[in-house]
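Trainee: Quick one, what's the 3D model for this:
(chains A and B)
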Amino acid sequence: RKEVEQDPGPFNVPEGATVAFNCTYSNSASQSFFWYRQDCRKEPKLLMSVYSSGNEDGRFTAQLNRASQYISLLIRDSKLSDSATYLCVVKTSGGGADGLTFGKGTHLIIQP
Amino acid sequence: NAGVMQNPRHLVRRRGQEARLRCSPMKGHSHVYWYRQLPEEGLKFMVYLQKENIIDESGMPKERFSAEFPKEGPSILRIQQVVRGDSAAYFCASSLLQVGNTGELFFGEGSRLTVL
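Mentor: Model prediction:
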(Lines give C-alpha, C1' and ligand atoms only; values in the text may rest on other atoms or scores of the structure.)
Protein backbone atom coordinates (compact mmCIF):
# COMPACT_ATOMS: atom_id res chain seq x y z
CA ARG A 1 0.00 0.00 0.00
CA LYS A 2 1.33 3.40 -0.96
CA GLU A 3 2.13 5.80 1.87
CA VAL A 4 -0.09 8.55 0.55
CA GLU A 5 -2.75 7.85 -2.05
CA GLN A 6 -4.89 10.21 -4.06
CA ASP A 7 -7.31 9.82 -6.93
CA PRO A 8 -5.39 11.39 -9.81
CA GLY A 9 -8.57 12.60 -11.54
CA PRO A 10 -9.03 14.70 -13.50
CA PHE A 11 -12.09 16.07 -11.77
CA ASN A 12 -14.01 18.18 -14.28
CA VAL A 13 -16.28 20.53 -12.38
CA PRO A 14 -18.45 23.44 -13.58
CA GLU A 15 -17.64 26.85 -12.22
CA GLY A 16 -19.55 27.58 -9.05
CA ALA A 17 -19.94 23.96 -8.03
CA THR A 18 -18.64 22.32 -4.89
CA VAL A 19 -15.97 19.67 -5.22
CA ALA A 20 -14.31 17.43 -2.68
CA PHE A 21 -11.52 14.91 -2.83
CA ASN A 22 -9.83 12.64 -0.35
CA CYS A 23 -6.39 11.39 0.40
CA THR A 24 -5.58 8.23 2.35
CA TYR A 25 -2.39 7.56 4.26
CA SER A 26 -0.98 4.26 5.44
CA ASN A 27 1.09 5.18 8.49
CA SER A 28 -1.08 5.50 11.57
CA ALA A 29 1.78 7.32 13.31
CA SER A 30 1.47 10.24 10.88
CA GLN A 31 1.39 13.45 12.82
CA SER A 32 0.54 16.36 10.58
CA PHE A 33 -1.27 16.85 7.33
CA PHE A 34 -1.27 19.50 4.65
CA TRP A 35 -2.68 20.38 1.26
CA TYR A 36 -0.39 21.92 -1.34
CA ARG A 37 -1.45 23.32 -4.68
CA GLN A 38 0.60 22.98 -7.86
CA ASP A 39 -0.29 24.81 -11.05
CA CYS A 40 0.74 23.32 -14.38
CA ARG A 41 4.53 23.42 -14.77
CA LYS A 42 4.87 25.49 -11.60
CA GLU A 43 6.16 24.83 -8.12
CA PRO A 44 3.99 23.48 -5.28
CA LYS A 45 2.75 25.99 -2.72
CA LEU A 46 1.24 25.37 0.68
CA LEU A 47 -2.55 25.77 0.54
CA MET A 48 -3.48 24.91 4.10
CA SER A 49 -2.70 22.75 7.06
CA VAL A 50 -5.25 20.19 8.20
CA TYR A 51 -6.17 20.20 11.87
CA SER A 52 -7.82 17.42 13.82
CA SER A 53 -10.97 19.44 14.37
CA GLY A 54 -11.18 20.46 10.74
CA ASN A 55 -10.45 23.94 9.49
CA GLU A 56 -11.69 26.40 6.97
CA ASP A 57 -9.96 29.08 4.92
CA GLY A 58 -12.42 31.02 2.82
CA ARG A 59 -13.95 28.63 0.29
CA PHE A 60 -11.65 25.79 1.32
CA THR A 61 -12.38 23.30 4.08
CA ALA A 62 -9.98 20.61 5.20
CA GLN A 63 -10.85 17.68 7.43
CA LEU A 64 -8.98 14.83 9.04
CA ASN A 65 -10.31 11.40 9.92
CA ARG A 66 -7.65 9.62 11.95
CA ALA A 67 -9.72 6.48 12.49
CA SER A 68 -10.05 5.89 8.76
CA GLN A 69 -6.72 7.51 7.97
CA TYR A 70 -7.82 10.01 5.40
CA ILE A 71 -7.94 13.73 4.90
CA SER A 72 -10.24 15.65 2.64
CA LEU A 73 -10.37 18.97 0.86
CA LEU A 74 -13.64 20.64 -0.06
CA ILE A 75 -13.83 23.65 -2.34
CA ARG A 76 -17.06 25.63 -2.43
CA ASP A 77 -18.16 28.02 -5.18
CA SER A 78 -15.29 26.89 -7.36
CA LYS A 79 -13.52 29.43 -9.55
CA LEU A 80 -11.69 28.97 -12.83
CA SER A 81 -8.51 29.88 -10.96
CA ASP A 82 -8.94 26.85 -8.72
CA SER A 83 -7.87 24.65 -11.63
CA ALA A 84 -4.66 23.01 -10.45
CA THR A 85 -3.25 19.82 -9.00
CA TYR A 86 -3.83 19.42 -5.27
CA LEU A 87 -1.15 17.53 -3.39
CA CYS A 88 -1.80 15.76 -0.14
CA VAL A 89 1.19 15.89 2.20
CA VAL A 90 1.66 13.82 5.33
CA LYS A 91 4.28 14.30 7.99
CA THR A 92 5.59 11.30 9.87
CA SER A 93 8.46 11.41 12.30
CA GLY A 94 11.66 10.27 10.69
CA GLY A 95 12.03 9.81 6.97
CA GLY A 96 13.30 12.24 4.42
CA ALA A 97 12.80 15.98 4.40
CA ASP A 98 11.85 15.86 8.03
CA GLY A 99 9.20 13.26 7.35
CA LEU A 100 7.12 14.89 4.62
CA THR A 101 5.60 12.53 2.05
CA PHE A 102 3.80 13.95 -0.97
CA GLY A 103 0.92 12.27 -2.77
CA LYS A 104 0.86 12.27 -6.56
CA GLY A 105 -1.91 14.83 -6.58
CA THR A 106 -5.48 15.20 -7.74
CA HIS A 107 -5.94 17.16 -10.95
CA LEU A 108 -8.88 19.57 -10.83
CA ILE A 109 -10.29 21.34 -13.88
CA ILE A 110 -12.92 24.02 -13.37
CA GLN A 111 -14.95 24.55 -16.52
CA PRO A 112 -16.73 27.78 -17.46
CA ASN B 1 12.09 39.44 -0.99
CA ALA B 2 13.42 36.96 -3.47
CA GLY B 3 12.02 33.50 -3.17
CA VAL B 4 13.88 30.29 -3.80
CA MET B 5 15.90 30.74 -6.95
CA GLN B 6 16.78 27.82 -9.16
CA ASN B 7 18.85 27.78 -12.31
CA PRO B 8 18.92 26.83 -14.98
CA ARG B 9 15.18 26.62 -15.50
CA HIS B 10 15.68 24.31 -18.45
CA LEU B 11 18.68 22.13 -19.19
CA VAL B 12 19.26 19.78 -22.10
CA ARG B 13 22.00 17.20 -21.91
CA ARG B 14 23.06 14.25 -24.00
CA ARG B 15 23.47 10.86 -22.41
CA GLY B 16 26.74 10.62 -20.54
CA GLN B 17 27.10 14.33 -19.87
CA GLU B 18 26.93 16.00 -16.48
CA ALA B 19 24.09 18.14 -15.20
CA ARG B 20 24.50 20.75 -12.46
CA LEU B 21 21.44 22.32 -10.92
CA ARG B 22 21.73 25.26 -8.56
CA CYS B 23 19.47 26.48 -5.82
CA SER B 24 19.64 29.61 -3.71
CA PRO B 25 17.28 29.35 -0.73
CA MET B 26 15.15 32.17 0.55
CA LYS B 27 17.08 34.76 2.49
CA GLY B 28 17.73 33.53 6.00
CA HIS B 29 16.80 29.93 5.25
CA SER B 30 19.43 27.38 6.13
CA HIS B 31 17.51 24.19 5.32
CA VAL B 32 17.46 23.03 1.70
CA TYR B 33 15.63 20.08 0.19
CA TRP B 34 15.79 18.62 -3.30
CA TYR B 35 12.87 16.76 -4.88
CA ARG B 36 12.42 15.09 -8.24
CA GLN B 37 9.13 15.01 -10.09
CA LEU B 38 8.60 12.74 -13.08
CA PRO B 39 5.69 13.38 -15.45
CA GLU B 40 2.40 12.29 -13.85
CA GLU B 41 4.28 11.34 -10.70
CA GLY B 42 4.47 12.85 -7.26
CA LEU B 43 7.33 14.72 -5.71
CA LYS B 44 10.00 12.34 -4.54
CA PHE B 45 12.36 13.45 -1.80
CA MET B 46 16.02 13.20 -2.71
CA VAL B 47 18.19 14.97 -0.14
CA TYR B 48 18.03 17.37 2.80
CA LEU B 49 20.95 19.66 3.54
CA GLN B 50 21.94 22.37 5.91
CA LYS B 51 24.94 24.59 5.41
CA GLU B 52 27.95 22.34 4.73
CA ASN B 53 26.09 19.24 5.94
CA ILE B 54 24.04 16.53 4.32
CA ILE B 55 21.37 15.67 6.86
CA ASP B 56 19.46 13.01 4.94
CA GLU B 57 20.22 11.63 1.51
CA SER B 58 18.02 8.57 1.76
CA GLY B 59 16.13 9.49 -1.40
CA MET B 60 19.15 10.00 -3.58
CA PRO B 61 20.36 7.27 -5.96
CA LYS B 62 23.62 5.83 -4.70
CA GLU B 63 25.43 6.36 -7.95
CA ARG B 64 25.90 9.39 -10.20
CA PHE B 65 23.98 11.79 -7.93
CA SER B 66 25.53 14.12 -5.37
CA ALA B 67 24.50 17.27 -3.56
CA GLU B 68 26.20 19.96 -1.59
CA PHE B 69 25.34 23.17 0.22
CA PRO B 70 28.58 25.04 0.80
CA LYS B 71 29.13 27.73 3.36
CA GLU B 72 29.04 30.31 0.62
CA GLY B 73 26.96 30.05 -2.52
CA PRO B 74 24.01 28.02 -3.68
CA SER B 75 23.19 24.40 -3.11
CA ILE B 76 24.14 22.24 -6.08
CA LEU B 77 22.62 18.97 -7.25
CA ARG B 78 25.01 17.20 -9.55
CA ILE B 79 24.12 14.32 -11.85
CA GLN B 80 26.99 12.63 -13.58
CA GLN B 81 26.73 10.54 -16.76
CA VAL B 82 23.06 11.37 -17.23
CA VAL B 83 20.68 8.81 -18.70
CA ARG B 84 17.27 9.30 -20.28
CA GLY B 85 15.57 8.23 -17.07
CA ASP B 86 17.03 11.28 -15.33
CA SER B 87 14.74 13.53 -17.39
CA ALA B 88 12.49 15.19 -14.84
CA ALA B 89 11.72 18.40 -13.02
CA TYR B 90 14.01 18.94 -10.07
CA PHE B 91 12.59 21.16 -7.37
CA CYS B 92 14.50 22.79 -4.58
CA ALA B 93 12.76 23.93 -1.43
CA SER B 94 13.91 25.79 1.63
CA SER B 95 12.68 26.41 5.13
CA LEU B 96 13.71 28.69 7.95
CA LEU B 97 13.75 25.95 10.54
CA GLN B 98 13.18 22.25 10.31
CA VAL B 99 9.84 21.79 8.64
CA GLY B 100 8.20 20.66 11.87
CA ASN B 101 4.52 21.06 12.28
CA THR B 102 4.15 23.99 9.93
CA GLY B 103 4.78 21.71 6.98
CA GLU B 104 5.68 24.72 4.94
CA LEU B 105 8.36 24.40 2.38
CA PHE B 106 9.05 27.21 -0.04
CA PHE B 107 9.72 25.81 -3.46
CA GLY B 108 11.68 27.20 -6.36
CA GLU B 109 10.21 27.10 -9.85
CA GLY B 110 12.18 23.99 -10.66
CA SER B 111 14.83 22.97 -13.14
CA ARG B 112 13.62 20.84 -16.02
CA LEU B 113 16.23 18.44 -17.23
CA THR B 114 15.88 16.76 -20.61
CA VAL B 115 18.31 14.05 -21.54
CA LEU B 116 18.54 13.31 -25.25
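Trainee: Give me the next element, helix or strand, following the helix or strand of chain A with the lowest mean pLDDT.
Mentor: Every helix and strand of chain A was ranked by mean pLDDT, DSSP states H and E. The lowest is strand A:100-102, at a mean of 87. The C-terminal neighbour of strand A:100-102 among helices and strands, as given by DSSP states H and E, is strand A:106-111.
Trainee: Parallel or antiparallel, which strands does that following strand pair with?
Mentor: strand A:11-14 (parallel), strand A:84-91 (antiparallel) (DSSP bridges).
Trainee: next structured bit after the first one?
Mentor: The C-terminal neighbour of strand A:11-14 among helices and strands, as given by DSSP H and E, is strand A:19-25.
Trainee: and that following strand with strand A:106-111, angle?
Mentor: 180 degrees (axes from the mean of the first three to the mean of the last three CA atoms, to 10 degrees).
Trainee: Kindly provide the whole-number mean pLDDT of strand A:19-25.
Mentor: Averaging pLDDT along strand A:19-25 yields 95.
Trainee: Any buried residues in that strand, and which?
Mentor: A:19, A:21-25 (16 or more other CB atoms under 10 Å in any protein chain shown). Where you see a C-beta, it was placed from the backbone N, CA and C, and this is true even at glycine.
Trainee: Which of the residues you listed sits closest to B:Ser111?
Mentor: Of all the buried residues of strand A:19-25, B:Ser111 sits closest to A:Cys23, with 27.4 Å by CB to CB.
Trainee: and A:Ser49, how many neighbours?
Mentor: Number of residues near A:Ser49 (other CB atoms under 10 Å in any protein chain shown) recorded here: 19.
Trainee: Sort out which one of the buried residues of strand A:19-25 lies nearest chain B for me.
Mentor: A:Cys23 (11.3 Å; CB to the nearest CB).
Trainee: Isn't that closest one up against A:Cys88?
Mentor: Yes. Using CB atoms under 8 Å, A:Cys23 is in contact with A:Cys88, at 3.3 Å.
Trainee: Now for those two: what residues contact both?
Mentor: Residues touching both A:Cys23 and A:Cys88 comprise A:4, A:6, A:71, A:73, A:103, A:106, with contact defined as CB atoms under 8 Å, 6 or more residues apart in numbering or on different chains.
Trainee: Quick check: which of the strands paired with strand A:106-111 is buried the most?
Mentor: Neighbour counts (mean count of other CB atoms under 10 Å in any protein chain shown) averaged over each of these peak at strand A:84-91, with a mean of 24.
Trainee: For A:Asp82, give me phi and psi.
Mentor: Dihedral pair for A:Asp82: phi -80, psi -10, per degrees, to the nearest 10.
Trainee: what sits against it?
Mentor: Contact analysis of A:Asp82 by CB under 8 Å, 6+ apart lists A:75, A:108, A:110.
Trainee: pLDDT score for it?
Mentor: So, for A:Asp82, pLDDT stands at 97.
Trainee: Bridged to residue 34, which residues?
Mentor: Since no chain was named, I'll use chain A. A:Ser49, A:Val89.
Trainee: Wait, chain B was what I had in mind.
Mentor: Residues in beta-bridge contact with B:Trp34 (DSSP bridges): B:Val47, B:Cys92.
Trainee: ok, for B:Lys71, nearest residue in space, not its chain neighbours?
Mentor: B:Glu52 (5.4 Å; CB to CB, 6 or more residues apart in numbering or on different chains).
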